Structures are given as structure tokens and as C-alpha cells.
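**Q** Sequence first, then the predicted structure, then my questions.
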Amino acid sequence: MSTGIMKGKKGLIMGVANKKSIAWKVAERLSEEGAELAFTYQNEKIGERVIPLFEEFGSEFYRTLDVSNDDDYEKVFSELAEAFDGELDFIVHAIAGGPAKEDLKGMYLDTSRASFLRAMEISVYSFVKAVQSAYPMMKDNGGSAITMSYYGAEKVVPNYNVMGVAKSALESSVRYMADDLGRDNVRVNALSPGPVLTRAASGIGEFRTLLKEFAAKAPLERLVEKEEIASSALYLLSDLSSGVTGEVIHVDSGYHVVG
Ligand SMILES: NC(=O)c1ccc[n+]([C@@H]2O[C@H](COP(=O)([O-])OP(=O)(O)OC[C@H]3O[C@@H](n4cnc5c(N)ncnc54)[C@H](O)[C@@H]3O)[C@@H](O)[C@H]2O)c1
């Protein structure tokens with residue numbers, strides 16, 4: 001059901017890799033609610049899959065942006081400022097990655113330096129840089145930025161390893177940026193969704209076992225749907241959450257409250 005609550009709002013979605021991406025579900029929901037959307041995607045190869053989706057949407061702005069490249073940020077955000085007349089109401093950051101596959105199983109203790117640094121760069125600094133780049137377009141009229149965390153930030157989740165450490169840093173970054181930007185009515189929040197099958201999730205060791213155990217233990221006794229994650233994103237990006245910043249909202253069938 002559409003309420004048109006995002007009518008007149010312009011936003012950037014970062015992190016669509018395919019139709020299974022959380023970012024794609026969020027984009028669909030925001031568009032239904034009237035938002036005008038721009039997109040970034042990682043590279044040309046992913047572009048072959050996602051450009052048709054963006055065009056189907058009627059989006060006129062989609063660019064490659066590799067989050068490890070500052071020049072990409074500079075180029076894309078200056079072109080976005082031009083396309084959106086210098087105004088941006090929200091950004092959705094749904095990007096994670098970095099560690100080598102062998103570091104997403106076994107002991108965290110064995111994490112390599114390269115995986116640690118890449119996880120921090122791709123999964124944490126990328127959000128800081130995105131908010132930093134979006135801020136000049138938000139500071140006059142306020143804005144809302146969200147990212148995606150995971151329970152592995154708070155508790156030990158087998159195999160999540162260095163990604164859990166990165167998500168802790170991401171949640172902390174949410175709080176620091178919320179404090180930095182609150183004076184300009186720019187809000188910074190995170191969702192912490194329960195596990196859902198996507199390309200990123202398939203890189204985590206024994207992910208299917210995790211899904212099964214999650215559904216069995218969660219108070220709602222089921223997995224979450226991506227549409228439910230998208231609804232919470234809509235709340236955080238709309239004026240419904242005008243008094244909320246620095247928050248991490250769990251969309252996880254209540255899993256995090258169970259001991
Ligand atoms: N799937 C889950 O179970 C789950 C649960 C909680 C949180 N999350 C988080 O949700 C977010 C979205 O992940 P998803 O599950 O939709 O998977 P996904 O694979 O669809 O999305 C991950 C995105 O990160 C992008 N990315 C990776 N490296 C990049 C780089 N160098 N430059 C630009 N983009 C890059 C990929 O292109 C992809 O679009 C991630 O932050 C993930 O940690 C996922």
C-alpha cells in the first residue's frame with residue numbers, strides 16, 4: 001500500500017548488485033512511495049545486470065562507484081549535485097565486503113591484515129565517505145542516511161568473524177556522524193536485519209545453517225522478509241522518524257532479545 005510519503009524527496013541508493021539485494025527491495029519501496037532515485041553500482045560487470053533494472057524504474061541517474069576509490073566519490077557526487085539541483089534528502093548505503101573468503105570461516109584469530117583492512121575500508125569507511133560526500137547537499141534542508149549492520153556487531157556469530165568487527169565499527173560510526181550532523185538536521189541511522197539470502201550472504205561460511213537456527217530461535221519463529229527490511233528503511237528515511245538519529249533498529253524477528 002502506497003501513502004506517497006516520499007513524494008518530492010530525492011535519494012541515492014548504493015549497493016544494488018541484483019534483484020536479491022536488500023538495496024533493490026528498499027529502492028522498490030521508496031519508489032512506490034514517490035521518491036526520486038539515483039543509483040550507484042560497483043563496476044561495469046554488475047552494471048550489465050542492474051542498468052536494465054534502473055532503466056525499468058525510470059531512473060535517469062546511475063553511475064559506477066567503487067567505494068575504495070575517492071575519485072569515484074568526487075565525480076559521482078558532483079554529477080549528482082548537478083542532476084538533483086544541489087539537493088539530496090537521503091542516502092541508502094547497503095554495501096559490505098572486503099575480507100577473503102577463508103577469513104569468513106574458522107577462527108577470527110587467524111584474520112589476515114589484508115582482510116581486516118579491506119573489511120574496514122569497504123564495509124565501514126565507505127559509509128563515512130558517502131555521508132561526507134552527501135552532507136553538502138543535505139545541510140540546508142536536513143536529510144537522512146542509513147546503512148545496514150548485522151547482529152554479529154554485538155555478539156559472536158560463528159564464521160562472521162572480521163565482518164562482525166567491521167559492523168561494530170560501522171554502528172559506532174553511525175553514532176559519531178549522528179552527533180556531528182544533528183545540528184543541521186541530518187540524521188544517521190542503521191538497520192540491523194536478520195539473515196536473508198543475497199550474494200553477500202552466500203560468502204559467509206555455513207550461511208544456510210545460520211538461517212535455519214535463526215528461524216528456530218527468533219520470537220517470531222521465522223526469517224524476515226526483505227520487504228520488512230524495506231519498510232523499516234522507509235520509516236528511517238521519511239519524516240515519520242524525524243526525532244530519531246544515532247539509532248540501530250533490529251529487523252530480525254526479535255532474535256536479538258533471546259538469550
Ligand atoms: N543478507 C543478509 O543476511 C544481511 C543481514 C544483515 C545485514 N546485511 C547487510 O546488508 C548490506 C547489503 O548486502 P546484501 O545482503 O543486500 O548483499 P548484496 O551482495 O546484494 O549487496 C552488497 C553490495 O555491496 C557492493 N560492494 C561490495 N564491494 C564494493 C565496492 N568496492 N564498491 C562498491 N560496492 C561494493 C556489491 O556490489 C553489492 O551491491 C550489507 O551491508 C550487508 O552486510 C545483510
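**A** All right, it came through fine.

**Q** contacts and neighbour counts: CA atoms only from here.
**A** Will do.

**Q** where does this protein come near the ligand, residue by residue?
**A** 15-17, 20-23, 41-42, 65-68, 94-97, 122, 148-150, 192-201 (C-alpha under 6 Å from any ligand atom).

**Q** Recalculate using a threshold of 5 Å.
**A** Contact residues, the chain versus the ligand (C-alpha under 5 Å from any ligand atom): 15-17, 21-22, 42, 66-67, 94-97, 148-150, 193, 195-196, 198-201.

**Q** Low-confidence bits of the protein, can you list those?
**A** For the chain, no stretch is flagged by pLDDT under 70.

**Q** which stretches of it form helices?
**A** 22-32, 44-57, 70-83, 113-120, 126-138, 161-181, 207-217, 226-237 (DSSP state H).

**Q** Next, count neighbours for residue 2.
**A** When neighbours are counted by other C-alpha atoms under 10 Å, residue 2 registers 11.

**Q** residues in contact with the residue lying closest to it once chain neighbours are set aside?
**A** For residue 2, ignoring the flanking residues on the chain, the nearest one in space by C-alpha to C-alpha, 6 or more residues apart in numbering is residue 33 at 5.4 Å. By C-alpha atoms under 8 Å, 6 or more residues apart in numbering, the residues touching residue 33 are 2-7.

**Q** Excluding chain neighbours, give the residue nearest to whichever residue of the stretch 101-250 of the chain sits closest to the ligand in space.
**A** Closest residue of the stretch 101-250 of the chain to the ligand, C-alpha to the nearest ligand atom: residue 195 (3.2 Å). Of all residues not flanking residue 195 in the chain, residue 211 sits nearest, at 6.3 Å (C-alpha to C-alpha, 6+ apart).

**Q** Do I have it right that residue 205 meets residue 157?
**A** No: if you go by C-alpha atoms under 8 Å, residue 205 and residue 157 don't touch, sitting 10.8 Å apart.

**Q** So for the two, which sits in the more crowded spot?
**A** residue 205 (18 against 14).

**Q** Now for that one: which residues touch it?
**A** Neighbouring residues of residue 205 by C-alpha under 8 Å, 6+ apart: 104-105, 159-160.

**Q** I'd like those written out as a markdown table, with neighbour count added.
**A** Below are the contacts of residue 205 laid out as a markdown table (neighbours: other C-alpha atoms under 10 Å):
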| residue | neighbour count |
| --- | --- |
| 104 | 21 |
| 105 | 19 |
| 159 | 21 |
| 160 | 25 |
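
**Q** farthest pair in the residues you listed?
**A** Pairwise distances across these (C-alpha to C-alpha) peak at 7.2 Å, for the pair 105 and 160.

**Q** Overlap in contacts, these two.
**A** Both residue 105 and residue 160 are contacted by 204-205, under the criterion C-alpha under 8 Å, 6+ apart.

**Q** if we take the contacts of residue 205, which one ends up nearest to residue 218?
**A** Residue 218 lies nearest to residue 160 out of the contacts of residue 205, by C-alpha to C-alpha, at 18.7 Å.

**Q** top strand in the protein by residue count?
**A** strand 186-193 (DSSP state E).

**Q** Only the buried residues of that strand, if you could.
**A** Of the residues in strand 186-193, 186-193 count as buried by neighbour count, 16 or more other C-alpha atoms under 10 Å.

**Q** Provide the strand pairings for that strand, with the direction of each partner.
**A** strand 143-148 (parallel), strand 248-251 (parallel) (DSSP bridges).

**Q** What are the contacting residues of that strand?
**A** By C-alpha under 8 Å, 6+ apart, strand 186-193 touches 135, 138-139, 142-151, 171, 174-175, 177-178, 181, 224, 229, 232-233, 236, 244-252.

**Q** Off-centre distance for it?
**A** Between the centre of strand 186-193 and the centre of its chain there are 9 Å (C-alpha atoms, centre = their mean, to the nearest Å).
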